[in-house]
Structure formats: C-alpha cells, structure tokens
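Student: have a look; sequence and predicted model below, questions after that.
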Amino acid sequence: MTNPIADPGHGHSPAAWSAVIVMLFGFTAGTVAFCFEQPLLVWISVGIIVIGAILGWILTKAGYGVKGPKYAPKGH
C-alpha cells in the first residue's frame, strides 16, 4: 500500500539549510543575550530569526528548495 501523501523532501536543500543556520544563530544569540539581561540584543535576535525564515522562503522561490530547478539532490 502506498502513501497518498508525497514525500516533501525533509528539507535537504540549500534553502532549508540556510534558513535553519541563520535561525539557529539568532536563537543562540538570543539565549546568550537573555542570560546576560540584554533586552535589546534579545529583540535583535528575534529579528534575526525572522530574517532566517524570510531567507528560506526567498531561496525556495528562487529555485533552491527541495523541488526547485536549481536543487540537485545528493546521493546517500
């Protein structure tokens, strides 16, 4: 029996990796800023996380997403 839902690709694309790396940096910087009680840096980090999400969307629209024309899957 086959699954009627197609495999989305699990995010193994330049768009996904770029977005995750930028958002991970923002989350890490925000955590450190929170520990040192720097509210301005916490909010800047929130902005970096949002920028990471937008970056992923832009790269997907530019063709670097899982099913984009510029994406070349690598063998395992």
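Tutor: All right, it came through fine.

Student: in the protein, where is pLDDT below threshold?
Tutor: By pLDDT under 70, the low-scoring segments of the chain are 1-10, 75-76.

Student: grab the most central residue of it for me.
Tutor: Note on the chain: the residue nearest the mean C-alpha position is Ala19, at 2.2 Å, using Cα atoms, centre = their mean.

Student: secondary structure element for that residue?
Tutor: Element membership for Ala19 (DSSP states H and E) is helix 14-35.

Student: measure stretch 28-45 end to end?
Tutor: Taking Cα to Cα, to the nearest Å, stretch 28-45 runs 8 Å from one end to the other.

Student: buried set for it?
Tutor: Buried positions in stretch 28-45, judged by neighbour count with 16 or more other Cβ atoms under 10 Å: Ala29, Gly30, Ala33, Val42, Ser45. All C-beta spots, glycine's among them, are computed from the backbone N, C-alpha and C.

Student: rebuild those residues as JSON lines, extending it with distance to Thr60.
Tutor: What follows is the buried residues of stretch 28-45, written out as JSON lines (distance: Cβ to Cβ, whole Å):
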{"residue": "Ala29", "distance to Thr60": "24"}
{"residue": "Gly30", "distance to Thr60": "24"}
{"residue": "Ala33", "distance to Thr60": "29"}
{"residue": "Val42", "distance to Thr60": "28"}
{"residue": "Ser45", "distance to Thr60": "23"}
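
Student: among these, which two are most distant?
Tutor: Ala29 and Val42 (8.8 Å; Cβ to Cβ).

Student: helix/strand/coil for Lys70?
Tutor: Three-state call for Lys70 (DSSP: H, G, I helix; E, B strand; the rest coil): coil.
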